[in-house]
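>>> please find the sequence and the predicted model below.
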Amino acid sequence: MNYQPDSSIQNAGGLAEEVIRKFGEVRVRVFGTSMVPSILPGSLILVQRADVSEISSGEIVLYSREGRFFAHRVVARTYVGGQPALITRGDRLGYDDAPITSTELLGRVSGIQHDERHSEGQLQPVARLGAYKRAILHVLQRSDRATYLYLRLASIWPSLFFRRASCRA
């Protein structure tokens, strides 16, 4: 079955892309689960314009491909047609994305707001995966049921799941 994105979503995506390219910063609401536990569905991410050469492994980037946005973690650098490119992967996914070129890259995710209803919902710096999140991620990568339960618990007990993140150094 072919999925045709709603025209209002396409317009919003085009506007967000234009804003970041022109003004250098945009906030975008996330809907997928590929970055759980780092970014949850419904989280708001702050994206700052960046070039492929400014991004390093471990950072989360936002890119546009085929009319859709993806926020995934950089796992490697490569070259495509002699130009630098990035290899990304959703934290919860077991496979890498196709290389991201400079024309697809919108920027780096510099902050995450998990829940605007609670004080923990302030925009937090993006942290690398610590031992705590790596252990949870190991389970989430293997089970959609565990991911569902994790998301349910996070929605009712956010203080347990969203401690203040420390800045990347």
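The structure has been received and is ready for your questions. Predicted model, so just to flag it, every value in this text is computed and none were measured. Numbering: from 1, shown residues only.
>>> hey, let's count contacts and neighbours off CA atoms from now on
Will do.
>>> hmm, Leu40 is touching Val30, no?
Yes: counting by Cα atoms under 8 Å, Leu40 touches Val30, with 7.3 Å between them.
>>> give me the more crowded residue out of the two.
Leu40 (23 against 19; other Cα atoms under 10 Å).
>>> what's the helix or strand for that one?
If you go by DSSP states H and E, Leu40 is not part of any helix or strand.
>>> show me what contacts it?
Counting by Cα atoms under 8 Å, 6 or more residues apart in numbering, Leu40 touches Val30, Phe31, Gly32, Thr33, His114, Leu151.
>>> top of those residues by number of neighbours, please.
The residue in those with the most neighbours, by other Cα under 10 Å, is His114 (27 neighbours).
>>> confidence score at that one?
We have a pLDDT of 76 for His114.
>>> nearest residue to it in space, please, no chain neighbours.
Ranked by Cα to Cα, 6 or more residues apart in numbering and with sequence neighbours excluded, the top spatial neighbour of His114 is Ser43, at 4.6 Å.
>>> could you do Tyr95 as well?
Going by Cα to Cα, 6+ apart, Tyr95 has Arg89 as its nearest residue, at 6.5 Å.
>>> look at the nearest residue to Pro84 once chain neighbours are set aside and tell me its secondary structure.
Leaving aside its chain neighbours, Pro84 sits nearest to Thr78 (5.9 Å; criterion: Cα to Cα, 6+ apart). For Thr78, the assignment made with DSSP: H, G, I helix; E, B strand; the rest coil gives strand.
>>> surely Thr78 and Ala98 touch.
No: here Thr78 does not reach Ala98: they are 10.7 Å apart, not a contact under Cα under 8 Å.
>>> any residues touching stretch 19-34, and which ones?
With contacts defined as Cα under 8 Å, 6+ apart, stretch 19-34 is touched by 16, 39-49, 72, 90-93, 106-107.
>>> centroid residue for this structure?
For the chain, Ala71 is the residue whose C-alpha lies nearest the centre (Cα atoms, centre = their mean; 3.0 Å).
>>> okay, and the beta partners of that residue?
Using DSSP bridges, the bridge partners assigned to Ala71 are Leu62.
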